[in-house]
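J.: Curious how this folds, go ahead:
(chains A and B)
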Amino acid sequence: AAGVIQSPRHLIKEKRETATLKCYPIPRHDTVYWYQQGPGQDPQFLISFYEKMQSDKGSIPDRFSAQQFSDYHSELNMSSLELGDSALYFCASSWGVTGNTGELFFGEGSRLTVL
Amino acid sequence: GQQLNQSPQSMFIQEGEDVSMNCTSSSIFNTWLWYKQDPGEGPVLLIALYKAGELTSNGRLTAQFGITRKDSFLNISASIPSDVGIYFCAGQPNSGGSNYKLTFGKGTLLTVNP
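T.: Below is the predicted model of the structure:
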């Protein structure tokens, strides 16, 4: 079965640079979530989109932005990168229709290293 | 925000032993999910619970949704080396609609000695 696809898997950037992560949800899933996981930490919710509209916002820095496109893929844009942004970034998708079970399925993550 | 207290933080067991871990919350969740994460990989959904009191099994895994809707436990029976990993509980405060964001526990690191 198709899973959530994230790219790139690994990314190395310098401080103050910009990075873009991409997420392709499971086919027919209309809701996408972004999570950030630091070393030894639990995943922290950043932002979510349902039917291309932002549906919820968590601890996402103002330097970060995200959007969901017409084909339901999503991109997380990170600017003015800081050392503390080094983390695993996960995308998850679900089928957000009312009455659905609400199970979230995660991608394999994008590891961002800021030097 | 909502906090999930997951325990224990880590466990070291012998192959064949049973394992139990749990999560508690000060607030109510309508859904509890249990995930397993291997190093550098994404969390993999193990079991999802939707009703208070629900007991659900998936192979050697059994999980229960507490009656108060503020807790859940996960049991692993007859552990094997490939059970090694970090187990996360996660809760969803909303039911229905389009927003199913998860709040995660801090995780339980399981080590199985062959």
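
J.: Just give me the neighbour total for B:Asp71.
T.: Using other C-beta atoms under 10 Å in any protein chain shown, B:Asp71 has 19 neighbouring residues. The C-beta positions use only the backbone N, C-alpha and C, and glycine is treated the same way.

J.: Could you tell me how many residues sit around A:Leu76?
T.: A:Leu76, neighbours per other C-beta under 10 Å, totals 24.

J.: That one: what's it in contact with?
T.: A:Leu76 sits next to A:Thr20, A:Leu21, A:Cys23, A:Trp34, A:Leu46, A:Ile47, A:Phe64, A:Ser65, A:Ala66, A:Tyr89, A:Cys91 when contact means C-beta atoms under 8 Å, 6 or more residues apart in numbering or on different chains.

J.: Among the residues you listed, the buried ones, what's the ChimeraX command?
T.: Applying 16 or more other C-beta atoms under 10 Å in any protein chain shown to these, the buried members can be selected in ChimeraX as follows:
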select /A:21,23,34,46,47,64,66,89,91
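
J.: for the lowest-mean-pLDDT helix or strand in chain A, which positions count as buried?
T.: Using mean pLDDT, DSSP states H and E, strand A:53-57 stands out as the lowest-scoring helix or strand of chain A, at a mean of 88. For strand A:53-57, the neighbour count (16+ other C-beta under 10 Å) marks A:Ser55, A:Asp56 as buried.

J.: Summarise which helices and strands the helix or strand that that strand is followed by is packed against.
T.: Beyond strand A:53-57 on the C-terminal side, the first helix or strand identified by DSSP states H and E is strand A:64-68. Helices and strands touching strand A:64-68, by 3 or more C-beta pairs under 8 Å, 6 or more residues apart in numbering or on different chains; DSSP states H and E, are strand A:44-50, strand A:74-78.

J.: Now do the strands in chain B.
T.: For chain B, applying DSSP state E gives strands covering B:4-7, B:10-14, B:19-25, B:31-37, B:44-49, B:55-58, B:61-65, B:71-76, B:85-92, B:103-104, B:108-113.
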